[in-house]
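Asker: Take this sequence and fold it.
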Amino acid sequence: MYPTLSDFFYGLFGVRIPMPFGTFGFFMVLGFSMGAFLLYRELKRYGDSGLMPIVERKIIVGEPANLLGMLLNAAVGFLFGYKASFLIVNWGTFSKNPHDMFLSADGYWWGGLIMGGILAFSYYREKEAQKLPKPEERILKVRPEEHVMNLTM
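Answerer: The predicted structure is shown next:
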């Protein structure tokens, strides 16, 4: 068993790539992804054969962008950009001790502002593109295989 993905790729290909991620987490993600894929296929088969019904859900479409949605997107983007920009710039330190880097408060505020701005703007732009003169309620038909993400993640 290889402790990190760097050791795994070195043993497989003979090339050392500095990746500090453990193989346990990688194979855990791989297992969940395979389980989601197999569940998707099984639920699709059940839906096609009529064993599981199509569910109807009411949604409202055409609403304009709201301030809360923009602020939430900006906050998530800031947190991600703040930490991701720091990890990218300091990759050498990160690859030696990833746990301390993830759990520290270190980061670059400019990376957070850029990513927060990008996510807030993309949310606004998407909502404005879908905006209708008057929002309307529609009935959406949800097939069984469309529930896989909610079940596995």
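
Asker: so where does residue 59 fall, helix or strand?
Answerer: Assigned by DSSP states H and E, residue 59 falls within strand 55-61.

Asker: List the contacts of that strand.
Answerer: Contact partners of strand 55-61, identified using CB atoms under 8 Å, 6 or more residues apart in numbering, comprise 130, 132, 135, 136, 137, 138, 139, 140, 141, 142. For glycine as for every other residue, the C-beta is placed from the backbone atoms N, C-alpha and C.

Asker: Span of stretch 81-99 from start to end?
Answerer: Stretch 81-99 stretches 18 Å from its first residue to its last (CA to CA, to the nearest Å).

Asker: and the gap between residue 148 and residue 43?
Answerer: 6 Å (CB to CB, to the nearest Å).

Asker: residue boundaries of the strands in the chain?
Answerer: All strands of the chain, identified by DSSP state E, fall at 55-61, 136-142.

Asker: Kindly reformat the ones you listed as TSV containing distance to residue 49 and mean neighbour count.
Answerer: Shown next, in TSV, are the strands of the chain (distance: least, CB to CB, whole Å; neighbours: other CB atoms under 10 Å):
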stretch	distance to residue 49	mean neighbour count
strand 55-61	16	10
strand 136-142	17	10
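
Asker: between these, which gets nearest to residue 4?
Answerer: Closest to residue 4 of the strands of the chain is strand 136-142 (CB to CB; 40.3 Å).

Asker: And that closest one, how far out from the chain middle?
Answerer: 25 Å (CA atoms, centre = their mean, to the nearest Å).
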